[in-house]
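Q: sharing a model prediction with you, sequence too.
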Number of protein chains: 2
Amino acid sequence: MERKIVDGAVRNKEKSKEKFLAAVGEIVKTKGFSALKVNEIAAVAGLDKKLIYNYFGGTTQLIDEYIKSQDFWSNVKNEELNVDINDGGRGLSKAMLLSQFDYIFENKELQKILLWGLLEDRVSLKKLAVDREESGDALFKNISDPHFGEHSVRYRAIMALLVSGIYYLDIFASTNEITFCGLDLKSQEGRAAIEEALAFIIDKAYDSV
Amino acid sequence: MERKIVDGAVRNKEKSKEKFLAAVGEIVKTKGFSALKVNEIAAVAGLDKKLIYNYFGGTTQLIDEYIKSQDFWSNVKNEELNVDINDGGRGLSKAMLLSQFDYIFENKELQKILLWGLLEDRVSLKKLAVDREESGDALFKNISDPHFGEHSVRYRAIMALLVSGIYYLDIFASTNEITFCGLDLKSQEGRAAIEEALAFIIDKAYDSV
DNA sequence: TACTTATGTCACCAATAGGTGATAAACACT
DNA sequence: AGTGTTTATCACCTATTGGTGACATAAGTA
C-alpha cells in the first residue's frame, strides 16, 4: 500500500509543525518561557492544540525540538575563517569575543536560551551547552593550549570570565534600563568600552607569555 | 480606643507574615520562581492563602516585600573594611571579586534573585540592581577613577566583565554539571583557576597605568 | 464522482490556580 | 467568665490550563 503525503495549501503537516516551532520561538522572544503553554502556543501558531499532541507528543517534546532546531553557535564557526592563527590565536580570540558580544546583543532569542540553560536542566538545553563546550574545546586544544603551555589553564579561565561576562552583560542590557558599573550597555560608548576592555585583557594575556 | 495587638503562641500576625516571607525564599531556592503560586506559598508556610491577601494584598506584593527584605549586598560592604586603599584599590578590587565569587557560589537564593533580575522587570528587582550600582559607584568615584584617570572607563569596563562573569559562572556551576571553557567550576582546581585569572586581570589593569 | 485517509476543529472533561465570604478559634481586656 | 476584636480556616466560586474523543474537511486516489 502506498503512503499518502498530504501537501495541500490548507492542510499540510510539515508546514503546521513549522508553525508550532516558530510559535515557540516567537513566544520565547516576546513573552518569555512562562508563557509557553499549550493553549498559548496553539493560539500563536493559529492551529488547534490537539495537533501539538499528535505531532510532537506534547509541549515538552515540541520545545525540545525547537531548541534542537536552532543552531545558535553557527555564527561562531563562521567567524573562524577570516582570521589567521599565526599569532597563537590572539586575533582569533578578540574577533570571537567581539563577534559574540555583538551577536548575542542582537539575538534576543539566544539570550533567552542562555537564561533558560541557567534555570532548567532540560536535556536539549544541556546538549546546547555541551555542543558549545566541544566547539570551544577544539579552539583551546589546537590553538591556545600549545601557545600558552603551562599557563593554558589561566587562559581558559580568562576566556571563561570574558565569555560569561559577555553573556550576562548582553542579557542585562536587554532587560534593564539601568547601568552596570556605571556603563550604559545599550549606548555606543558603553559597548565600545566593553570592547576595548576585551581587547585589552586578551592582549595582556598574550603579552604575559 | 486602644489598639489590640495579638501576640499569642498560636495566632500571631507578625510571625505569620514572616512565615510567608520565609516560604517565598524557600520556594525560590528549591523550586524556582515558576513555583511561586498562592497555593504553594500557603502550603509551604503552613497557613491559609487568604492571609496572603489580607496581610500583603496578594502574591505580587508578598514577593516584592520578600525581595526588599533581603539585603543581598551587605556582605560586599563588610568586605571593604579589611583592606587598605593606598594601592589605588588594587587589593580592594581583588578582595571584592574573590569574596563575591565565593559568596554567590554559596548563596543559591542570591543566584536566583540575580537570574530573576534578568527575566522580569519588577520594581523591587530593579531597586536591588540600582542599590548595587550605587554602592559600586562610591568605590569607582572615590578610589579607582582618581587612580586610573583617563583610563577610568576602561577599568570600569573590565570590572563590569569580571563581576558579570562571576555572576554567570557561579549560577552556571549550580545548574549545570558540565564544564565551562573546559573548567569544572565546582571543583577546587576550577575555582582556583578563576580566582587566579581574576587576580591576574586586576594586576594587569593596575600595572598598565 | 466516490471513496479513503491524513489533517484539522470542536466540545468537553479533569486538574490546577487565583480569589473571596462566611465562620470558627484564639487572644486581649474587663 | 464574658465580650469584642484579631487571627486563621474552610467551603466555594471562577478562570486558566492540560489533555482527549468525536467529528468535520481537505487532499490524495481510482
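A: Now that the structure is in, tell me what you want to look at. Because the structure is predicted, anything quoted here is derived from the model rather than measured.
Q: only C-alpha atoms for contact and neighbour calcs from this point on.
A: Noted.
Q: which SSE is immediately downstream of the longest helix anywhere in chain A?
A: Longest helix in chain A, counting residues (DSSP state H): helix A:152-175. Later in the chain than helix A:152-175, the nearest helix or strand by DSSP states H and E is helix A:188-207.
Q: so does that following helix get close to chain B?
A: Yes - judged by Cα under 8 Å from any Cα of the partner chain, helix A:188-207 comes into contact with chain B at A:Ala193, A:Ile194, A:Glu196, A:Ala197, A:Leu198, A:Ile201, A:Lys204.
Q: just the residues you listed now: which is nearest DNA strand C?
A: Nearest to DNA strand C among those: A:Ile194, at 40.0 Å, using Cα to the nearest atom of the strand.
Q: find the helix or strand that the residue lying closest to A:Val24 once chain neighbours are set aside is a member of.
A: In this structure, A:Val24 finds its nearest non-sequential neighbour in A:Ile41, 6.3 Å apart by Cα to Cα, 6 or more residues apart in numbering or on different chains. Element membership of A:Ile41, judged by DSSP H and E, is helix A:38-45.
Q: any idea which helix or strand comes after that helix?
A: helix A:50-55.
Q: pull out the buried positions in that next one.
A: Neighbour counts over helix A:50-55 (16 or more other Cα atoms under 10 Å in any protein chain shown) mark A:Leu51, A:Ile52 as buried.
Q: what's the average pLDDT for it?
A: The average pLDDT within helix A:50-55 is 98.
Q: next SSE after the helix or strand of chain A with the lowest mean pLDDT?
A: Every helix and strand in chain A was compared by mean pLDDT, DSSP states H and E; the lowest is helix A:74-79, with a mean of 66. Counting by DSSP H and E, the element after helix A:74-79 in chain order, helix or strand, is helix A:90-106.
Q: which residues touch that following helix?
A: A:76, A:79-80, A:83-85, A:110-111, A:162-163, A:166-167, A:170-171, A:173-174, A:195, A:198-199, A:202-203, A:206 (Cα atoms under 8 Å, 6 or more residues apart in numbering or on different chains).
Q: hmm, which of the residues you listed are the buried ones?
A: A:76, A:110-111, A:162-163, A:166-167, A:170-171, A:173-174, A:195, A:198-199, A:202, A:206.
Q: distance of the closest residue to A:Arg132 other than its chain neighbours relative to A:Leu110?
A: Excluding its sequence neighbours, the residue lying closest to A:Arg132 (Cα to Cα, 6+ apart) is A:Trp73, at 7.0 Å. Applying Cα to Cα, to the nearest Å, the value for A:Trp73 to A:Leu110 is 9 Å.
Q: touching, A:Ala205 and A:Arg156? I think so.
A: No - applying Cα atoms under 8 Å as the test, A:Ala205 and A:Arg156 come out as separate, 10.5 Å apart.
Q: count of residues packed around A:Gly57?
A: 12 (other Cα atoms under 10 Å in any protein chain shown).
Q: which of the three states applies to it?
A: coil (DSSP: H, G, I helix; E, B strand; the rest coil).
Q: if you skip the residues just before and after it, what's nearest to the residue of chain A found nearest chain B?
A: Closest contact between chain A and chain B, by Cα to the nearest Cα, is at A:Gly165 (3.7 Å). Excluding the flanking residues, the one nearest A:Gly165 by Cα to Cα, 6+ apart is B:Gly165, at 3.7 Å.
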